[in-house]
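Chemist: Quick one, structure for this:
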Amino acid sequence: MNDQVVMALREGNHDAYAVIFVYYLPRVQYYINKLTGSGAIAEEVAQEVFARLWENHASLNPSVKSLTSYLFTIAYRVAIDALRSKRVRESYCSEQSGRQEETVSTEENYMARETYRFVRQIIARMPSRQREIFKMSRVAGMSNEEIAGRLAISKRTVENQLSLALKKIKEVLA
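Modeler: Next up is the predicted model:
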């Protein structure tokens, strides 16, 4: 590589650009790969580096030493930007997946509350004795024998009333 090729690039010569591209591309990609640890990022960043080289060709210093510094400085800056962008994307994706879990949890909570509200309405429409037996069993946690003893009815009556209450709830929810 010589200063004449860089001077030709500065003047907009496409052939000079191609020579510089072929000469520096492997070096720039290697450098970026070492910085980022990713071949995919290295390829992407190298393309950006050479795009910027062409965009700014008219303002280049016509020395090879200056061109080399320019390319590796741009490579460093673009690679750092790519790493930051990657980190932001990963953080965003992680945050969004957490929000999806929160959304599912919120939806599940909503459905549970609505189901509970609906079941309470069904219970409220039950005959008074059936409702009383159901609440003693499911809300107070009393056994069938305890309910029968407290209400002075047979254990079998308690079982039948609970069975009817649960059947109504299942029918309505199904």
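Chemist: So the protein: which segments form each domain?
Modeler: As assigned by automatic domain parsing, the chain contains the domains 3-93, 126-173.
Chemist: How many residues are close by Ala58?
Modeler: 10 (other CB atoms under 10 Å). For every residue, glycine as well, the C-beta is placed using N, CA and C.
Chemist: let me redo that: Leu162
Modeler: 18.
Chemist: ok, now Arg84?
Modeler: So Arg84, with other CB under 10 Å, has 10 neighbours.
Chemist: so after the worst-scoring helix or strand of the chain on mean pLDDT, what's the next helix or strand?
Modeler: None of the helices or strands of the chain scores lower by mean pLDDT, DSSP states H and E than helix 64-124, at a mean of 77. Counting by DSSP states H and E, the element after helix 64-124 in chain order, helix or strand, is helix 128-138.
Chemist: Give me the contacts around that following helix.
Modeler: 123-124, 126, 142, 144, 146-147, 150-151, 158, 161-162, 164-165 (CB atoms under 8 Å, 6 or more residues apart in numbering).
Chemist: Now, the residues you listed that are in strands?
Modeler: Counting by DSSP state E, no part of those is found in strands.
Chemist: how far does the least confident helix or strand of the chain sit from the chain's center?
Modeler: Computed by CA atoms, centre = their mean, to the nearest Å, the chain-centroid distance of helix 64-124 equals 4 Å.
Chemist: Next, count neighbours for the closest residue to Leu83 other than its chain neighbours.
Modeler: Residue nearest to Leu83 in three dimensions, not counting chain neighbours: Thr36, with 5.9 Å by CB to CB, 6 or more residues apart in numbering. Other residues within reach of Thr36, judged by other CB under 10 Å, total 18.
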